[in-house]
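Asks: sharing a model that was predicted from the sequence below.
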Amino acid sequence: MEPNFLIGANPMPLYKAFPGEFKPDAGINVTGSTIRGIEGSYTIDPFPVAQTKRNHYDSRHGAKIKYLIMHYTVINFALTVQTFTANADTRRVSAHFVVAQNEAHVAAGKLLQVVPEDMRAWHAGLSAWQADEDLNPVSLAVEHVNQGFRETTGAQRQYYPYDQNQIRSSGVLSNSIVRQYNILPRHVLGHEDIAPGRKYDPGPYFPWAVFYHNYSVGAWLDQEEMDKDAIIRKYRPQRPYPLQPDRDVLLDMLTSYGYSLRGTTPSGVIRAFKTHFSANQRPDMCDDNVREEDMFWAWALEAKYSNITPSKTTPSPPSHIPNFAQKAPHKMWFLILAIQAIIRISNL
């Protein structure tokens, strides 16, 4: 049975909910509750008419939710909340949920709902996936407080890792969302996937494999699927296995899977794909060079997900989620990533 999404309402000023993090004059009230099974969560109460510009959302105009988009904030928790509730006329941005990292006055994994789910948040900007453009009306957004990356010598990017408690809360939240809205695995995406070349979040350290294996969220390959013959036996792909790296063939597979070249470049699409899939957890490999493992991942994902419909893919709630909600799955996390890496290397 689906857990209650909002339990135990308890309104209070924001600065009391997060002592030491906000000033008393922030003018923000929140309601404490359990949101989608995550205790100790808060929801920002709507602002009054006199401050309506602080409500950074509007109507979906009947559009159906069919995407879940992952972001990172680049700024800390307090600045994120201030940005998402600024009393401004223009450049207002928001997301439905913010999941905190570990900070001085905020515990990692703390969940704050900023925008009601039935309203359109302003998070995606210019975006496209498959035939859809402007994904704001048809998506829910989860912001993860994370500094993103910093430039190092030689213009190299050093990405910041994610907190395990933060990922645990996000995984539980996301599992509940995809089950309620029947969101397809390949419709759980990063901002970079839907705006390649323009956006880079949630970055190469976002643990997509953990979301798939531990929380039944998103698209990925199972361990036994990291093999060409296994994909052929299981999915009978229409496209022959690409025998060598080919940039044009790769782009054709990626656009078939869902990536869009509208408003971007082929290099941007290839980097976005590799960041999410074939080079995930390996920032040094998230370039636009086409390798054999990139061809395999694109071919296998196309074979696995190209003909899936919502009625076939609604994941049942994993029985182990309550345990992961209480115990950090760090051992499983690193075990999964290590096995994936070994299998990838053995298939090269």
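Replies: Yes, it's here.
Asks: which residue ranges form the helices in the stretch 151-300 of the chain?
Replies: 164-181, 191-194, 208-215, 228-235, 247-257, 266-276, 292-305 (DSSP state H, counting those that start in this stretch).
Asks: Ser127 is nearest to which of those?
Replies: Comparing the helices of the stretch 151-300 of the chain against Ser127 with CB to CB, the closest turns out to be helix 191-194 (4.1 Å). C-beta coordinates here come from the backbone N, C-alpha and C atoms, glycine included.
Asks: could I get the pLDDT score of Arg233?
Replies: Per-residue confidence (pLDDT) for Arg233: 97.
Asks: what about it, distance to Ser256?
Replies: For Arg233, the distance to Ser256 equals 21 Å [CB to CB, to the nearest Å].
Asks: which of those two has more residues huddled nearby?
Replies: Ser256 (16 against 9; other CB atoms under 10 Å).
Asks: residues touching the most centrally placed residue in the chain, list them.
Replies: Geometric centre of the chain, nearest residue: Met70, 2.3 Å, by CA atoms, centre = their mean. Listed by CB atoms under 8 Å, 6 or more residues apart in numbering, the contact set of Met70 reads Val142, His144, Ser170, Val188, Leu189, Gly190, His191, Asp201, Pro202, Phe206.
Asks: surely Val290 and Asp248 touch.
Replies: No - with contact defined as CB atoms under 8 Å, Val290 and Asp248 do not form a contacting pair (9.6 Å).
Asks: give me the more crowded residue out of these two.
Replies: Val290 (21 against 9).
Asks: and that one, how close does it get to Pro13?
Replies: According to CB to CB, Val290 and Pro13 sit 53 Å apart.
Asks: run through the strands of this structure in chain order.
Replies: Listed in chain order, the strands found in the chain under DSSP state E are 6-13, 29-35, 38-44, 57-59, 67-72, 97-99, 111-113, 119-121, 128-129, 132-133, 139-144, 149-151, 157-159, 188-190.
Asks: comparing these, which gets the lowest mean pLDDT score?
Replies: strand 6-13 (a mean of 72).
Asks: worst-scoring helix or strand of this protein, pLDDT-wise?
Replies: Lowest mean confidence among the helices and strands of the chain (mean pLDDT, DSSP states H and E): helix 321-324, at a mean of 36.
Asks: tell me the pLDDT at Phe5?
Replies: So Phe5 comes in at 53 (pLDDT).
Asks: which stretches of the protein aren't confidently modelled?
Replies: 1-9, 308-348 (pLDDT under 70).
Asks: OK, contacts around the most far-flung residue of it relative to its centre?
Replies: Here the chain reaches farthest from its C-alpha mean at Ala50, the gap being 33.7 Å by CA atoms, centre = their mean. The contact partners of Ala50, taken as CB under 8 Å, 6+ apart, number zero.
Asks: swap in the one 5 residues further on?
Replies: Counting by CB under 8 Å, 6+ apart, Asn55 touches Pro46, Phe47.
Asks: list the contacts of the spatially closest residue to His96 that is not a sequence neighbour.
Replies: With sequence-adjacent residues excluded and distances taken as CB to CB, 6 or more residues apart in numbering, His96 is closest to Val115, at 4.5 Å. Shown in contact with Val115 (CB under 8 Å, 6+ apart): His56, Tyr57, Ser94, Ala95, His96, Ala121, Ala141.
Asks: returning to that earlier point: buried members of the contacts of Met70 into PyMOL, please.
Replies: In PyMOL syntax, the buried subset of the contacts of Met70 is picked out as below (16 or more other CB atoms under 10 Å):
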select buried, resi 142+144+170+188+189+190+191+201+202+206
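Asks: now, which of the contacts of Met70 sits nearest Arg271?
Replies: Distances from Arg271 to the contacts of Met70, taken by CB to CB, are shortest for Gly190, at 11.7 Å.
Asks: that closest one and Pro207 touch, don't they?
Replies: No - contact criterion CB under 8 Å: Gly190 and Pro207 do not qualify, at 11.8 Å.
Asks: common neighbours of those two, please.
Replies: By CB under 8 Å, 6+ apart, no residue touches both Gly190 and Pro207.
Asks: hmm, His56 is touching Ala121, no?
Replies: Yes - between His56 and Ala121 there is a contact under CB under 8 Å: 7.1 Å.
Asks: looking at those two now, which is surrounded by more residues?
Replies: More neighbours surround Ala121 than the other of His56 and Ala121, with 26 against 22 (other CB under 10 Å).
Asks: check contacts around that one.
Replies: His56, Tyr57, Ser94, Ala95, His96, Val114, Val115, Asn136, Leu140, Ala141.
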